[in-house]
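**Q** sequence and computational prediction follow.
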Amino acid sequence: MAAIEESLVAIGGDLDSNDAESLNEAVRRLRDVGGAIGSLQVDCCAPARMPLYAETLTHLNTIQLGISKELGRAH
C-alpha cells in the first residue's frame, strides 16, 4: 500500500506539470497502480475491501480517460 500511495503522489506531480511527457508518465504510473490494486482485489480475502478496490479502479479509469482526452487520444 505504501508503494501505491507513493505512485499516486507521483501521478499528482505528473498531472501538475501538464506537459505531454509528464502526462504519458502519469498513464504509465496509473497502469502500474491499477495492476497493483487489481491484484489486491483478486487476492483479497476481506469482502468489505472489495468495493473499495473496485471504486478505486473506477477513479483511476476516470483519470486515465481525462489524460487521454488532454493528449488527443480520447476514445
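**A** Right, received. Where do you want to start?
**Q** ok, Ile63 touching Val27?
**A** No - using C-beta atoms under 8 Å, Ile63 makes no contact with Val27, being 9.1 Å away. Every residue, glycine included, has its C-beta placed from N, CA and C.
**Q** select the longest helix from this protein.
**A** helix 20-43 (DSSP state H).
**Q** what sits up against whichever helix or strand comes after it?
**A** Next helix or strand after helix 20-43 toward the C-terminus (DSSP states H and E): helix 50-70. Residues outside helix 50-70 that contact it (C-beta atoms under 8 Å, 6 or more residues apart in numbering) are 11, 15, 18, 23, 26-27, 30, 33-34, 37-38, 40-41, 44, 74-75.
**Q** local confidence estimate at the nearest residue to Leu23 once chain neighbours are set aside?
**A** Counting by C-beta to C-beta, 6 or more residues apart in numbering, Ile67 is the residue found nearest to Leu23 once chain neighbours are left out, at 5.1 Å. Per-residue confidence (pLDDT) for Ile67: 93.
**Q** Ile67 and Gly38, how far apart?
**A** In this view, Ile67 and Gly38 are 19 Å apart by C-beta to C-beta, to the nearest Å.
**Q** centroid residue for this protein?
**A** The chain has Leu30 as the residue nearest its centroid, 3.3 Å off, counting by C-alpha atoms, centre = their mean.
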